[in-house]
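In: take this sequence and fold it.
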Amino acid sequence: MKLFLIFFFLLILSCSSDKDKKVDLEIFKKQGEKINVFEANNVFDKELSSSSLLQLNQPQLNKKWSYEYFSSNNFYDHLVYEGKFQEIFKKSIGDYLNKNNDSGSLLVFENFVFFSDEKGKIYKFDISNQKIIWELKIYESSYNNYPKNIALFLNGDVLYAADNLGFIYSIDVQTGKTIWQQNYGIPFSSHLNFHKGVLYVVNQNSRLYAFNPSDGQKIWSFESLSGLIKPSRSSNISLYDNKLLFSNDVGDITSIDLDQQVIIWTKNILSQNTISNNLVFKISNILIDKKDVFVSSNSGDLFNFHLETGEIKWTQKLSSIQNHISTDKYLFVLTENGFVIAFNKTNGAILWSLNLAKSSKDKKIYVDYYGLLLASNNLYVTSSNGDIYKISANDGKYITHKKINNDLSRSPIIVDNKILILNRSSELIILN
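Out: Numbers count the residues shown, from 1 in each chain. Next comes the predicted model:
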């Protein structure tokens, strides 16, 4: 059963000038329909066999990873990974990561890896020489007892950082020195995104900021609704074709025309299950693939929206806060309870599904699953108990899994035919 509610409220777009620029209320009234879905059954628990092999587009050799979620529209390519699935490198670099700190950036350019730890240090690490080139910590001693969650974005010779203390700053990649630093006082709760020379990030009060990357000054900001519970990294940003989509902590997805600086549409993906079960709302990446938007949450629904209008094209009942993988014809999703599912991207039909928990040796331990990568016709997933799984994307068949550590908390990435992962002890693990 679906209940359609219409909310009228004014969102304010505050520019860098003295006068605030307000959104056209009439446009918002017409476009601001919100949708809440109230069905109770949101757990996907079916294994389905493939009736035919999926025909995937050709994999591409990836040489860098500049965005936390690979690209500005959170679109992951079909990458090349033809290695032997063997560990070739493991080195402890940073400090311990708290189990609740499961977000963070692992970036790679040329032969260098960039990442941060919970103490607030940012590292540049040389893979070939297996040594730290530089490390940087901007925080005064008064911040020592606060765990840091730092989002990173790499643009040429400049590394940008935004954190859960309200700092945003830039770093010279060559020297490791701070170029500029600003503190806006309220924690940032999204990854960093970049489009046409502007940095974007959302704070804990669900305010979207546009920053000048040359000095960190605010260009404009956009305020949306915010709830009382403010989980870390609760928001997501996606940019494509002069359109910016972002989420807040009450389940709204808002689409903004960056040229006109007005709302195009807004939808709410929060179901009553989240409210009645007192769940903290968490969201997947907002994936934009041409005219399609794919997004899900722990609330219990996977949505396919039309980018231009916000119209729902199809939905499926499942809980997922991980990144989704889109190809020419298919969408691959990793659920919270460990199912990998292949969908027909056009109509949402399920083509196959696999339960990863069946492959776990210890069935009594609850396992979290992280990330989803498509590489050389296989899908890769990591888990909190230290396993990395390999699955055939063509038919959903389990191939193997490998124990690489005892405690993983972050999604893997693939660069230059290698898999790179950080564990909770800030060990960098590389698989050939």
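In: what segments of the stretch 151-300 of the chain are strands?
Out: 158-163, 167-172, 178-183, 193-195, 198-202, 207-211, 218-223, 237-240, 243-247, 252-257, 262-268, 287-289, 292-296 (DSSP state E, counting those that start in this stretch).
In: turn those into JSON lines, columns for mean neighbour count, mean pLDDT and distance to S71.
Out: (Each C-beta comes from the backbone N, C-alpha and C, glycine too.) JSON lines is the format used below for the strands of the stretch 151-300 of the chain (neighbours: other CB atoms under 10 Å; pLDDT from 0 to 100; distance: least, CB to CB, whole Å):
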{"stretch": "strand 158-163", "mean neighbour count": "23", "mean pLDDT": "97", "distance to S71": "16"}
{"stretch": "strand 167-172", "mean neighbour count": "21", "mean pLDDT": "98", "distance to S71": "20"}
{"stretch": "strand 178-183", "mean neighbour count": "14", "mean pLDDT": "97", "distance to S71": "24"}
{"stretch": "strand 193-195", "mean neighbour count": "21", "mean pLDDT": "95", "distance to S71": "10"}
{"stretch": "strand 198-202", "mean neighbour count": "24", "mean pLDDT": "96", "distance to S71": "14"}
{"stretch": "strand 207-211", "mean neighbour count": "22", "mean pLDDT": "95", "distance to S71": "19"}
{"stretch": "strand 218-223", "mean neighbour count": "18", "mean pLDDT": "92", "distance to S71": "22"}
{"stretch": "strand 237-240", "mean neighbour count": "24", "mean pLDDT": "96", "distance to S71": "9"}
{"stretch": "strand 243-247", "mean neighbour count": "25", "mean pLDDT": "96", "distance to S71": "14"}
{"stretch": "strand 252-257", "mean neighbour count": "21", "mean pLDDT": "95", "distance to S71": "18"}
{"stretch": "strand 262-268", "mean neighbour count": "21", "mean pLDDT": "94", "distance to S71": "21"}
{"stretch": "strand 287-289", "mean neighbour count": "24", "mean pLDDT": "98", "distance to S71": "9"}
{"stretch": "strand 292-296", "mean neighbour count": "24", "mean pLDDT": "97", "distance to S71": "14"}
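In: burial count for F188?
Out: 27 (other CB atoms under 10 Å).
In: low pLDDT regions in this structure?
Out: Applying pLDDT under 70 to the chain flags residues 1-42, 96-104, 225-234, 271-279, 360-364.
In: run a quick neighbour tally on the closest residue to A357 other than its chain neighbours.
Out: The shortest distance from A357 to any non-neighbouring residue, by CB to CB, 6 or more residues apart in numbering, is to G338 (4.5 Å). Residues near G338, counting by other CB under 10 Å, number 20.
In: and G338, how close does it get to K317?
Out: As judged by CB to CB, to the nearest Å, G338 and K317 stand 16 Å apart.
In: next one: S105
Out: Distance, S105 to K317, using CB to CB: 31 Å.
In: of these two, who's got more company?
Out: S105 (26 against 15).
In: my guess is the more buried one contacts L159, does it?
Out: No: applying CB atoms under 8 Å, one finds S105 not in contact with L159, separated by 9.6 Å.
In: what do those two both touch?
Out: Common contacts of S105 and L159 (CB atoms under 8 Å, 6 or more residues apart in numbering): 114, 152-153.
In: ok, I93 - contacts?
Out: 115, 123, 125, 132, 426-428.
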